[in-house]
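# Next one to model:
(chains A and B)
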2 protein chains.
Amino acid sequence: MRAHVYVTLKPTVLDAQGQTIANALRRMQHPGVESVRQGKYFVLTLADTLSTDDAKAEVERIASGVLTNPVIEDYTFRIE
Amino acid sequence: MRAHVYVTLKPTVLDAQGQTIANALRRMQHPGVESVRQGKYFVLTLADTLSTDDAKAEVERIASGVLTNPVIEDYTFRIE
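Below you'll find the model as predicted:
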């Protein structure tokens, strides 16, 4: 079982890296790009012995407690 | 229109950060975690004037040419 976790800066937080990338893309003839937000992406391989509900609870704990800085970051995840 | 781009290390590349996170998680009483792979996640906001096909071609160029190091990284993306 695998969990995909997406960690992004909260919308209210300035994404300096994202802005830098967006500016560079526009200079590199990619005018269609209005903005870029950069985040982190984790793929967790979980033991198959976990039920889907247990896996969700475990990923919730891991994402909120370890992979994310709750002051400035949000997360979403999906399990496959 | 938004594009979600996921950049990950190629499977053949050692993910030292991912291993470090996995080891830490196991020490922190998350035994169900077998492995962790870490990557980058980008959200590109594109001009609505682009057609979906043009947007796909543009994101393909950006992902392969700017956001990814083709020697060690792979990417996938979806447009919403």
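# Every contact and neighbour count from this point should use C-alpha atoms.
Fine.
# Give me the helices and strands touching the longest strand seen in chain A, please.
Taking DSSP state E as the criterion, chain A has its longest strand at strand A:33-46. The helices and strands touching strand A:33-46, judged by 3 or more Cα pairs under 8 Å, 6 or more residues apart in numbering or on different chains; DSSP states H and E, are strand A:2-9, helix A:16-27, strand B:33-46.
# hmm, who's touching the next helix or strand after the longest one?
Elements were assigned by DSSP states H and E; along the chain past strand B:33-46, the next helix or strand is helix B:52-62. The contact list for helix B:52-62 (Cα atoms under 8 Å, 6 or more residues apart in numbering or on different chains) reads A:25, A:30, B:3, B:46, B:79.
# Just name the closest of those residues to residue B:65, please.
residue A:25 (10.3 Å; Cα to Cα).
# hang on, the earlier thing: I'd like the helices and strands packed on strand A:33-46 laid out as CSV, including mean pLDDT, mean neighbour count and distance to residue A:55.
Below are these laid out as CSV (pLDDT from 0 to 100; neighbours: other Cα atoms under 10 Å in any protein chain shown; distance: least, Cα to Cα, whole Å):
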stretch, mean pLDDT, mean neighbour count, distance to residue A:55
strand A:2-9, 97, 21, 8
helix A:16-27, 95, 15, 32
strand B:33-46, 96, 21, 10
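# gap between residue A:21 and residue A:70?
24 Å (Cα to Cα, to the nearest Å).
# Over to residue A:39?
The value you get for residue A:39 to residue A:70, if Cα to Cα is used, is 14 Å.
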